[in-house]
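>>> Quick one, fold the following:
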Amino acid sequence: MATTTPAPFVNTLRAVRLAAACLLMAACVTINVYFPAAAAEKAADQIIDAVTGGLPMGGGNTGGSRSNSPSAPPLSRVDEEPSLLVVAVGRVLYAMVPAAQAAEPNLDISSPEIRALTTSMNARFGQLQKYFDAGVIGMTQDGLVEVRDANAAPLPERAVVTRLVAEDNRDREALYNEIAKANGHPEWAPDIRKTFARRWVERGARAGWYYQTAGGAWAQK
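Below is the predicted model of the structure:
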């Protein structure tokens, strides 16, 4: 006489197998946090305005407010009695996967270190501006400042120009690293530098100032 497996046992077994499969999928999920290019540009513009005498820096994140997380979609049923474990695992997966794909964090530029560097650069900018105007210095393709034509500066001021450029470059290097560090992603520093390099020219440079092209040649805005 054949033995019939009770239906509740079958349902439970199915639920356990489904839960195990879901947990295996969760273990394979890789959360990739991509570099937030749009937020980086907003942060760069805000700092550049503060350095060059534009709008003052705000007090927090640069991006818009995040919307509330959507509610979880309805889950499929295992026969007529869904396992609570399956429901829980399903909700975890739903929360993990869309968040991993769609998250684009805002950049926080309100740390004391970032503010101190911005203030330091702003205090120096007035001295550098006349040398930008005269073509003595220019903006490099890697987000720094360089002496382009020392002979365009009066002889007594050339040592001053060299010192100002060195000091400003130290602040710029530290700034890019601090923004990446303050946002928990030190590996973003090169991308932040690239963003600033472009925005220094597009937003911070005045007409007639020199900047380096992608090929390293000097051009005037």
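>>> any idea how this protein splits into domains?
The chain breaks down by automatic domain parsing into domains covering 1-30+67-105, 112-220.
>>> and the ones you listed, which one is worst for confidence?
Least confidently modelled of these is domain 1-30+67-105, at a mean of 49 by mean pLDDT.
>>> got the contact list for Gly135?
148-149, 152, 208-210 (C-beta atoms under 8 Å, 6 or more residues apart in numbering). C-betas here are computed from N, CA, C, even on glycine.
>>> closest to Ala166 among these?
Arg148 (14.9 Å; C-beta to C-beta).
>>> if I look at the closest one, how far off is Pro156?
19 Å (C-beta to C-beta, to the nearest Å).
>>> the more surrounded of these two?
Counted by other C-beta atoms under 10 Å, Arg148 and Pro156 do not tie: Arg148 has more neighbours, with 19 against 7.
>>> Across the sheet, point out what pairs with the residue nearest to the more buried one when sequence neighbours are not counted.
Leaving aside its chain neighbours, Arg148 sits nearest to Gly138 (4.4 Å; criterion: C-beta to C-beta, 6 or more residues apart in numbering). Gly138 has these beta-bridge partners by DSSP bridges: Glu146, Tyr210.
>>> for Gly138, what are its contacts?
Gly138 sits in contact with 132, 145-146, 148, 209-212, 218, where contact means C-beta under 8 Å, 6+ apart.
>>> Can you tell me which of those residues is nearest Phe196?
Val145 (11.8 Å).
>>> so what's that closest one up against?
128, 137-139, 165, 168-169, 172.
>>> Now do the helix ranked longest in the chain: which elements does it pack against?
Using DSSP state H, we find that the single longest helix of the chain is helix 158-182. Here helix 158-182 touches helix 112-133, strand 145-147, helix 189-199, going by 3 or more C-beta pairs under 8 Å, 6 or more residues apart in numbering; DSSP states H and E.
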